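In: sequence first, then the predicted structure:
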Amino acid sequence: MTGAGPAATDATARRLLQALEERGLTVAAAESLTGGLVVAALVAVPGASTVLRGGVVAYATDLKARLLGVDARLLDERGPVDPDVARAMAEGVRDRLRADVGLATTGVAGPGPQDGHPAGEVHVAVALPGRTEVASHRLAGERPEVRDATVGAVLELAVRLVAPDGGRGLPGPA
């Protein structure tokens, strides 16, 4: 992951939205520990409405199954903090919100562990037509820093997958 923080997240969100627009793609997000911060980061960029379909905050485990189609057996066996759950969330939001690209975040923001997973364990996923990629991270910091870094992680993964050059050729903030 590159530098975290609001300025880095804003620049990454801008690069992602530009890459999506240039390719005629739409995006949707499924969020757990980030609680809407991914969508907020995208909406903060003027013109986001041209590519952003929406988001689902499925904080409760049962909502991941009911709203996003995550297999209830997977959730029962492994719990919500799992790379395959992130994958299913990204694919589910992509399908349910009829977007070309689905983003997902799940994990433990802290302050303490949850169901045997340490604070800072996060999984992010990006679903594209015919391909989904998941990245797992152990993030340091307090709850706000973990949540912010998770937003950065999913946006960076999306830029890498959507922009052929990883977004390096796209302009940053003006």
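Out: All right, it came through fine.

In: pull the number of nearby residues for the closest residue to residue 33 other than its chain neighbours.
Out: Excluding the flanking residues, the one nearest residue 33 by C-beta to C-beta, 6 or more residues apart in numbering is residue 109, at 4.5 Å. (C-beta placed from N, C-alpha, C; glycine too.) Residues near residue 109, counting by other C-beta atoms under 10 Å, number 25.

In: wait, a helix at residue 109?
Out: No: assignment of residue 109 by DSSP: H, G, I helix; E, B strand; the rest coil gives coil, placing it outside any helix.

In: packing partners of the worst-scoring helix or strand of the chain on mean pLDDT?
Out: The helix or strand of the chain with the poorest confidence is helix 6-23; it has a mean of 92 (mean pLDDT, DSSP states H and E). The contact analysis (3 or more C-beta pairs under 8 Å, 6 or more residues apart in numbering; DSSP states H and E) places helix 6-23 against helix 37-43, helix 143-162.

In: reformat those as a markdown table; add distance to residue 75.
Out: Shown next, in a markdown table, are those (distance: least, C-beta to C-beta, whole Å):
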| stretch | distance to residue 75 |
| --- | --- |
| helix 37-43 | 21 |
| helix 143-162 | 19 |
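
In: how about those helices, which one is nearest residue 23?
Out: Smallest distance to residue 23 across those (C-beta to C-beta): 6.7 Å, for helix 143-162.

In: make sure residue 57 is actually in contact with residue 36.
Out: Yes: Residue 57 is within contact range of residue 36, at 5.1 Å (criterion: C-beta atoms under 8 Å).

In: more crowded one of the two?
Out: Set residue 57 next to residue 36 and count neighbours by other C-beta under 10 Å: residue 57 wins out with 18 against 14.

In: what about that one, distance to residue 37?
Out: Using C-beta to C-beta, to the nearest Å, residue 57 is found at 10 Å from residue 37.

In: quick check: neighbours shared by the two?
Out: Common contact partners of residue 57 and residue 37 (C-beta atoms under 8 Å, 6 or more residues apart in numbering): residue 31.
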